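> Sequence plus the predicted model coming up.
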Amino acid sequence: MRCAIYIRVSTEEQAREGFSIRAQKERLEMFAMSQDWNIIDYYIDEGRSAKDTNRGQLQRMLEDIVEKKIDVVLVYRLDRLTRSVMDLYKLLERFEEHGCMFKSSTEVFDTTTPTGRLFITLVAAVAQWERENSAERVKFGMHQMIEEGKWHGGTVPYGYQYNKKERTLEINDDEATILKYIFSLYQQGKGDNAIANIISNEMKSSRGKIS
(Lines give C-alpha, C1' and ligand atoms only; values in the text may rest on other atoms or scores of the structure.)
Protein backbone atom coordinates (compact mmCIF):
# COMPACT_ATOMS: atom_id res chain seq x y z
CA MET A 1 0.00 0.00 0.00
CA ARG A 2 1.53 3.31 -1.10
CA CYS A 3 1.11 5.74 1.77
CA ALA A 4 1.33 9.53 1.76
CA ILE A 5 1.90 11.17 5.13
CA TYR A 6 0.27 14.58 5.48
CA ILE A 7 1.37 16.82 8.36
CA ARG A 8 0.16 20.29 9.27
CA VAL A 9 0.82 22.54 12.22
CA SER A 10 0.13 26.20 12.82
CA THR A 11 2.55 28.34 14.81
CA GLU A 12 -0.10 28.89 17.46
CA GLU A 13 -0.87 25.19 17.87
CA GLN A 14 2.78 24.25 18.12
CA ALA A 15 3.35 26.78 20.89
CA ARG A 16 0.17 25.90 22.78
CA GLU A 17 0.02 22.10 22.39
CA GLY A 18 3.53 21.03 21.52
CA PHE A 19 1.97 19.68 18.35
CA SER A 20 5.26 19.66 16.48
CA ILE A 21 5.98 18.36 13.00
CA ARG A 22 8.58 15.99 14.39
CA ALA A 23 6.12 14.48 16.90
CA GLN A 24 3.49 13.91 14.21
CA LYS A 25 6.03 12.45 11.80
CA GLU A 26 7.38 9.93 14.31
CA ARG A 27 3.92 8.68 15.27
CA LEU A 28 2.76 8.44 11.68
CA GLU A 29 5.86 6.51 10.63
CA MET A 30 5.26 3.99 13.41
CA PHE A 31 1.61 3.65 12.39
CA ALA A 32 2.49 3.11 8.73
CA MET A 33 5.08 0.52 9.74
CA SER A 34 2.48 -1.36 11.84
CA GLN A 35 0.20 -1.53 8.78
CA ASP A 36 3.07 -2.61 6.51
CA TRP A 37 2.49 0.45 4.31
CA ASN A 38 5.20 1.89 2.09
CA ILE A 39 5.67 5.61 2.73
CA ILE A 40 6.23 7.23 -0.65
CA ASP A 41 6.35 10.90 0.39
CA TYR A 42 5.83 13.44 3.15
CA TYR A 43 3.60 16.48 2.60
CA ILE A 44 4.26 19.03 5.35
CA ASP A 45 2.47 22.37 5.68
CA GLU A 46 4.18 24.32 8.45
CA GLY A 47 2.61 27.39 10.03
CA ARG A 48 -0.60 26.99 8.01
CA SER A 49 -4.20 27.12 9.19
CA ALA A 50 -6.77 24.47 8.22
CA LYS A 51 -9.46 27.06 7.50
CA ASP A 52 -9.14 26.35 3.77
CA THR A 53 -7.28 24.07 1.34
CA ASN A 54 -5.02 26.76 -0.08
CA ARG A 55 -1.86 25.05 1.19
CA GLY A 56 1.13 24.29 -0.99
CA GLN A 57 1.86 20.76 0.20
CA LEU A 58 -1.80 19.77 0.34
CA GLN A 59 -2.22 20.83 -3.27
CA ARG A 60 0.92 18.90 -4.26
CA MET A 61 -0.50 15.82 -2.57
CA LEU A 62 -3.81 16.20 -4.40
CA GLU A 63 -1.94 16.36 -7.70
CA ASP A 64 -0.15 13.11 -6.84
CA ILE A 65 -3.48 11.50 -5.96
CA VAL A 66 -4.86 12.46 -9.37
CA GLU A 67 -1.78 10.88 -10.96
CA LYS A 68 -2.53 7.63 -9.07
CA LYS A 69 0.68 7.74 -7.04
CA ILE A 70 -1.05 7.32 -3.66
CA ASP A 71 -3.27 4.56 -2.25
CA VAL A 72 -3.88 5.99 1.22
CA VAL A 73 -3.42 9.37 2.93
CA LEU A 74 -2.38 9.13 6.57
CA VAL A 75 -2.76 11.98 9.07
CA TYR A 76 -2.26 12.23 12.82
CA ARG A 77 -5.76 13.63 13.33
CA LEU A 78 -8.60 14.72 11.06
CA ASP A 79 -8.20 18.41 11.88
CA ARG A 80 -4.64 18.24 10.47
CA LEU A 81 -6.30 17.83 7.06
CA THR A 82 -9.22 20.25 7.44
CA ARG A 83 -11.51 21.96 9.94
CA SER A 84 -14.19 22.71 7.36
CA VAL A 85 -17.08 20.33 6.68
CA MET A 86 -17.43 21.61 3.12
CA ASP A 87 -13.71 21.15 2.43
CA LEU A 88 -13.86 17.66 3.92
CA TYR A 89 -16.64 16.65 1.52
CA LYS A 90 -14.64 17.96 -1.43
CA LEU A 91 -11.41 16.27 -0.33
CA LEU A 92 -13.01 12.88 0.35
CA GLU A 93 -14.85 13.06 -2.96
CA ARG A 94 -11.57 13.70 -4.75
CA PHE A 95 -9.85 10.89 -2.86
CA GLU A 96 -12.60 8.42 -3.74
CA GLU A 97 -12.66 9.55 -7.37
CA HIS A 98 -9.02 8.52 -7.75
CA GLY A 99 -9.11 5.37 -5.63
CA CYS A 100 -7.34 6.83 -2.60
CA MET A 101 -8.31 6.00 0.99
CA PHE A 102 -8.01 8.22 4.05
CA LYS A 103 -6.83 7.20 7.52
CA SER A 104 -6.28 8.94 10.83
CA SER A 105 -3.72 7.35 13.16
CA THR A 106 -5.55 8.45 16.33
CA GLU A 107 -9.20 8.16 15.27
CA VAL A 108 -11.21 5.30 13.83
CA PHE A 109 -12.41 6.27 10.35
CA ASP A 110 -13.57 4.08 7.50
CA THR A 111 -14.40 6.12 4.41
CA THR A 112 -15.61 3.08 2.47
CA THR A 113 -18.99 2.79 4.27
CA PRO A 114 -21.96 5.17 4.73
CA THR A 115 -21.65 4.90 8.53
CA GLY A 116 -17.95 5.71 8.38
CA ARG A 117 -18.55 8.73 6.16
CA LEU A 118 -21.27 9.98 8.53
CA PHE A 119 -18.96 9.65 11.53
CA ILE A 120 -16.07 11.48 9.89
CA THR A 121 -18.44 14.28 8.82
CA LEU A 122 -19.68 14.69 12.39
CA VAL A 123 -16.13 14.94 13.68
CA ALA A 124 -15.30 17.56 11.03
CA ALA A 125 -18.42 19.53 12.01
CA VAL A 126 -17.22 19.62 15.63
CA ALA A 127 -13.74 20.77 14.48
CA GLN A 128 -15.30 23.59 12.44
CA TRP A 129 -17.50 24.59 15.39
CA GLU A 130 -14.42 24.76 17.66
CA ARG A 131 -12.52 26.95 15.15
CA GLU A 132 -15.44 29.37 14.73
CA ASN A 133 -16.03 29.55 18.49
CA SER A 134 -12.35 30.25 19.08
CA ALA A 135 -12.39 33.10 16.57
CA GLU A 136 -15.49 34.55 18.21
CA ARG A 137 -13.86 34.40 21.66
CA VAL A 138 -10.78 36.23 20.37
CA LYS A 139 -12.96 38.92 18.75
CA PHE A 140 -15.00 39.35 21.93
CA GLY A 141 -11.83 39.58 24.04
CA MET A 142 -10.41 42.33 21.81
CA HIS A 143 -13.63 44.35 22.03
CA GLN A 144 -13.67 43.96 25.81
CA MET A 145 -10.08 45.23 26.12
CA ILE A 146 -10.88 48.23 23.95
CA GLU A 147 -13.90 49.10 26.12
CA GLU A 148 -11.69 48.88 29.22
CA GLY A 149 -9.16 51.20 27.61
CA LYS A 150 -6.52 48.49 27.31
CA TRP A 151 -4.30 47.77 24.31
CA HIS A 152 -5.68 44.83 22.34
CA GLY A 153 -2.36 43.77 20.85
CA GLY A 154 -0.45 44.16 17.62
CA THR A 155 2.17 46.70 16.57
CA VAL A 156 2.31 49.71 18.88
CA PRO A 157 1.70 52.91 16.85
CA TYR A 158 4.60 55.31 16.48
CA GLY A 159 4.38 57.95 19.18
CA TYR A 160 3.26 55.51 21.86
CA GLN A 161 4.82 52.89 24.12
CA TYR A 162 3.24 49.87 25.80
CA ASN A 163 2.81 49.79 29.58
CA LYS A 164 2.97 46.07 30.29
CA LYS A 165 1.77 46.39 33.88
CA GLU A 166 -1.32 48.46 33.04
CA ARG A 167 -1.73 46.91 29.58
CA THR A 168 -2.28 50.35 28.10
CA LEU A 169 -0.56 52.67 25.63
CA GLU A 170 1.30 55.73 26.84
CA ILE A 171 2.70 58.68 24.90
CA ASN A 172 6.37 58.38 23.99
CA ASP A 173 7.57 61.98 24.43
CA ASP A 174 10.52 61.71 21.99
CA GLU A 175 8.45 60.18 19.22
CA ALA A 176 5.52 62.52 19.94
CA THR A 177 7.81 65.51 19.32
CA ILE A 178 8.69 64.16 15.90
CA LEU A 179 5.04 63.48 15.08
CA LYS A 180 4.05 67.03 16.02
CA TYR A 181 6.81 68.35 13.78
CA ILE A 182 5.59 66.16 10.90
CA PHE A 183 2.04 67.50 11.31
CA SER A 184 3.32 71.07 11.33
CA LEU A 185 5.17 70.45 8.05
CA TYR A 186 2.00 68.96 6.58
CA GLN A 187 0.02 72.05 7.60
CA GLN A 188 2.62 74.12 5.73
CA GLY A 189 1.68 72.27 2.56
CA LYS A 190 4.59 69.83 2.44
CA GLY A 191 4.01 66.47 0.71
CA ASP A 192 5.01 62.98 1.87
CA ASN A 193 8.36 62.92 0.06
CA ALA A 194 9.28 66.43 1.12
CA ILE A 195 8.49 65.69 4.76
CA ALA A 196 10.49 62.45 4.63
CA ASN A 197 13.51 64.28 3.19
CA ILE A 198 13.31 67.06 5.77
CA ILE A 199 13.06 64.60 8.65
CA SER A 200 15.90 62.49 7.29
CA ASN A 201 18.21 65.47 6.81
CA GLU A 202 17.46 66.94 10.23
CA MET A 203 17.97 63.59 11.96
CA LYS A 204 21.41 63.38 10.32
CA SER A 205 22.34 66.89 11.27
CA SER A 206 24.62 67.82 14.15
CA ARG A 207 21.62 68.43 16.37
CA GLY A 208 20.94 64.69 16.41
CA LYS A 209 17.22 65.15 17.00
CA ILE A 210 14.35 67.42 16.16
CA SER A 211 13.70 70.12 18.71
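Sure thing, it's come through.
> Skip the chain neighbours and tell me the closest residue to the spatially most central residue of the chain.
Centroid-nearest residue in the chain: S49, 3.7 Å away (criterion: Cα atoms, centre = their mean). Once flanking residues are discounted, S49 sits nearest to S10: 5.5 Å by Cβ to Cβ, 6 or more residues apart in numbering. Bear in mind the C-beta positions are built from the backbone N, C-alpha and C, glycine included.
> Give me the average confidence score over stretch 187-207.
Across stretch 187-207, pLDDT averages out at 78.
> tell me how far it is from the chain's mean position?
Distance of stretch 187-207 from its chain centroid, counting by Cα atoms, centre = their mean, to the nearest Å, is 39 Å.
> just to revisit the earlier point, from N172, how far off is the residue nearest to the centre of the chain?
34 Å (Cβ to Cβ, to the nearest Å).
> if we can go back for a sec, does the residue nearest to the centre of the chain touch V9 like I think?
No. The criterion here is Cβ atoms under 8 Å, and S49 misses it with V9 at 10.2 Å.
> helix, strand or coil for I199?
In three-state terms, and counting by DSSP: H, G, I helix; E, B strand; the rest coil, I199 is helix.
> how near is it to S184?
The value you get for I199 to S184, if Cβ to Cβ is used, is 12 Å.
> out of the two, which sits in the busier spot?
Between I199 and S184, counted using other Cβ atoms under 10 Å, the more crowded position is I199 (15 against 11).
> correct me, but the more buried one touches F183?
No. Contact criterion Cβ under 8 Å: I199 and F183 do not qualify, at 12.0 Å.
> that older thread, what does the residue nearest to the centre of the chain show for phi and psi?
S49 adopts backbone torsions of phi -80, psi 160, taken as degrees, to the nearest 10.
> got it, and the one 10 residues further on?
With angles defined as degrees, to the nearest 10, Q59 sits at phi -70, psi -40.
> can you check E46 too?
According to degrees, to the nearest 10, E46 has phi -100, psi 140.
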